[in-house]
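[1] here's a sequence, model it:
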Amino acid sequence: MTYLPDFLDFSASILHQALRPGDLAVDATLGNGRDAVLLAESVGQAGKVFCFDIQEVAIHRARERLAAAGLLERVQIFRAGHERLTEHLPPESQGHVRAATFNLGFLPGSDRRIITRPETTLAALAVLLPFMAPGGIVSIAVYTGHPGGQAEGEAIAAWCGSLAPTIWRVARYEQVNKPVNREVLYLLERLGEKQASAKCLPQTLA
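    Next up is the predicted model:
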């Protein structure tokens, strides 16, 4: 038995806790559909998951996985890069998305030359933030072991560090004694008004 979860298992548990029946969620990197299944199960029949991917093979695999789980009607899939989120998310969803996930890198079992890139990933994150609800969670799984992964990881780390602490709580989870092919999980929580106000109050020692 192990008590420290794998970083993807940890992400899944946080996303599941953040979601309630009827909520809205975003899977910004649909891939093989594992995250989409988790999100669709969590939002229930009244909820909706908006999914994005540029590869037809990913969309096909994800549709099959979602259909096998009986969840296909809870998702809306767009063959588009995640940087085009605002073109597809309903305007009324702004401020109401409770969970979003980015699983970066390449599609397992496919062409490894097709990867997520810092410029489009950062653009997607920037346009996503206004859609997040107070208490909403953004999960970003970063892989550094493939060509381009290290540069994307550095860009994500810098961007996360630049977010206003009065609006966002940002945590980082990783196995620090893994010297190669490092995997890093960033979790962003949109603070509510009361939480944000509390962060602005002067702190005193008891």
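[2] what are the buried residues along stretch 6-26?
    7-8, 10-12, 14-15, 18-19, 23-26 (16 or more other Cβ atoms under 10 Å). (Each C-beta comes from the backbone N, C-alpha and C, glycine too.)
[3] okay, and which of those map to strands?
    24, 25, 26 (DSSP state E).
[4] which element is the closest residue to residue 8 other than its chain neighbours on?
    Distance criterion Cβ to Cβ, 6 or more residues apart in numbering; nearest residue to residue 8, sequence neighbours excluded, is residue 141 at 6.4 Å. Assigned by DSSP states H and E, residue 141 belongs to strand 132-143.
[5] residues in contact with the one residue sitting closest to the centre of the chain?
    Residue closest to the average C-alpha location in the chain (Cα atoms, centre = their mean): residue 101, at 1.5 Å. Residue 101 makes contact with 11, 15, 25-29, 35, 39, 138-141, according to Cβ atoms under 8 Å, 6 or more residues apart in numbering.
[6] and if you look at residue 104?
    Residue 104 neighbours (Cβ under 8 Å, 6+ apart): 29, 116, 121, 140, 141, 142, 143, 149, 152, 156.
[7] switch the cut-off to 10 Å
    By Cβ atoms under 10 Å, 6 or more residues apart in numbering, the residues touching residue 104 are 28-29, 31, 115-118, 121, 140-144, 146, 148-149, 152-153, 156, 184.
[8] can you give me the strands for this protein?
    Under DSSP E, the chain gives strands at 24-27, 48-53, 75-79, 97-103, 132-143, 168-174, 183-190.
[9] wait, which of those is closest to residue 3?
    strand 168-174 (13.9 Å; Cβ to Cβ).
[10] next, the buried residues of that closest one.
    Applying 16+ other Cβ under 10 Å to strand 168-174 flags 168, 169, 170, 173 as buried.
[11] paired strands for it, with orientation please.
    Strand pairing for strand 168-174, using DSSP bridges, gives strand 183-190 (antiparallel).
[12] got the contacts of residue 101 as a markdown table, with distance to residue 87 columns?
    Below are the contacts of residue 101 laid out as a markdown table (distance: Cβ to Cβ, whole Å):
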| residue | distance to residue 87 |
| --- | --- |
| 11 | 26 |
| 15 | 24 |
| 25 | 18 |
| 26 | 13 |
| 27 | 16 |
| 28 | 13 |
| 29 | 17 |
| 35 | 21 |
| 39 | 20 |
| 138 | 19 |
| 139 | 22 |
| 140 | 21 |
| 141 | 24 |
